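Undergrad: Dropping the sequence and predicted coords here.
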Amino acid sequence: MKYDIQYFIDKFEAIPAEKWTRGVVYDASNDTYCALGHCGIREAGGRWTKTEEANALENIYRNNQGAQYWHRDIEEEGEIYYFWRVNDRLGKDSTDGSGIKAGVIRWLKEEKERLDALNQT
């Protein structure tokens, strides 16, 4: 399966706002997830496992405009899930997750528009 930007826009638009969270990958107690959590990242026995889908989302972020959110300290943090910078910082605080969902989708749509414009020149 090809995990491109449009794939993630469609996937995340279909997920109800109340299923989104920030600050954690997932919260099993209330069945909420960040963008990467929705892509299947899970922790078991002190080890995190990533899926091909989650890796693809992070690659979109790292290989494209994600550099605008890059901070030097990230290099010192070791293993880290980069897309949280979009999920947690661009999503406005909200009690129902709507700001988080909207922030993630907004970034993906802006990135798609930017890449589409580059590909047409």
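TA: In hand now; what should we look at? Note that the coordinates shown come from a computational prediction; the quantities given were computed from them, not determined experimentally. Numbers count the residues shown, from 1 in each chain.
Undergrad: from here on, contacts and neighbour counts on C-alpha atoms
TA: Will do.
Undergrad: Surely residue 49 is in contact with residue 42?
TA: Yes: judged on Cα atoms under 8 Å, residue 49 makes contact with residue 42 at a distance of 5.5 Å.
Undergrad: Just checking, which helix or strand of the protein averages the lowest pLDDT?
TA: helix 84-89 (a mean of 70; mean pLDDT, DSSP states H and E).
Undergrad: buried stuff in the helix or strand just after it?
TA: With elements assigned by DSSP states H and E, the helix or strand that comes after helix 84-89 is helix 98-119. Going by neighbour count (16 or more other Cα atoms under 10 Å), the buried part of helix 98-119 is 98-109, 111-112.
Undergrad: Looking only at neighbour counts, state which of residue 49 and residue 42 leads.
TA: residue 42 (15 against 11; other Cα atoms under 10 Å).
Undergrad: how close does that one sit to residue 60?
TA: 20 Å (Cα to Cα, to the nearest Å).
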